[in-house]
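Visitor: Predicted model follows, preceded by the sequence.
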Amino acid sequence: MGIVKYLLDTHIVVWLLLDSNELSKDIKEEIEYFQHIYYVSVVSLHEIILLKELKRVKTGRTIPELISDIKKYNINILEVKENHIAILEKLSKPSFNNKLHEDPFDRVIISQSISENMTVVSADTRFPLYKDKRFKLRIN
């Protein structure tokens, strides 16, 4: 299959860092053994801060500590670039349970993956609803 570039969705990073059983064994082993090139979006770090504030992610570690942990896995941090935003502007908005999927974090991550030719790793049930050309998804 060769080396693939993967963009990890926020919950995948959280599960990895918290050693959760929700992360598939295959994906965890691939990350731990540096099987591919992995990225986490800076917007995921923003989302983790919000999730911690809402007490939906329970960790006593600070963002700098989490970033240090991310780097131990040799995961790169992907900044938001102008071309990502240009794709975001044209990104579809699929409907899920009669509501548009407008999660800003998810939408930026998908736009980044399209722009950078990466495959998103996610367990989000709404991601497969995106039918945009060039969007590649790997389900956890």
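Guide: Sure thing, it's come through. Numbers count the residues shown, from 1 in each chain.

Visitor: Can you classify the nearest residue to Leu51 once chain neighbours are set aside as helix, strand or coil?
Guide: Take Leu51 and drop its neighbours on the chain: the residue closest to it by C-beta to C-beta, 6 or more residues apart in numbering is Val57, 4.1 Å away. From N, CA and C alone the C-beta is placed, and that goes for glycine too. For Val57, the secondary structure call by DSSP: H, G, I helix; E, B strand; the rest coil comes out as coil.

Visitor: Offset the numbering so it begins at 37, please.
Guide: All set: I'll call the first residue 37, so the last point we hit is now Val93.

Visitor: just checking, Val93 touches Ile84?
Guide: Yes: the criterion here is C-beta atoms under 8 Å, and Val93 meets it with Ile84 at 6.2 Å.

Visitor: joint contacts of the two?
Guide: Counting by C-beta atoms under 8 Å, 6 or more residues apart in numbering, the shared contacts of Val93 and Ile84 are Val50.

Visitor: okay, these two: which has more neighbours?
Guide: Ile84 (24 against 18; other C-beta atoms under 10 Å).

Visitor: and the more buried one, that one's in a helix?
Guide: Yes: checked against three-state DSSP, Ile84 lies within a helix.

Visitor: and it, how far is that from Glu152?
Guide: Counting by C-beta to C-beta, to the nearest Å, the gap from Ile84 to Glu152 is 21 Å.

Visitor: hey, where'd the strands end up in this protein?
Guide: 41-44, 73-77, 112-114, 131-132, 135-136, 155-158, 172-175 (DSSP state E).
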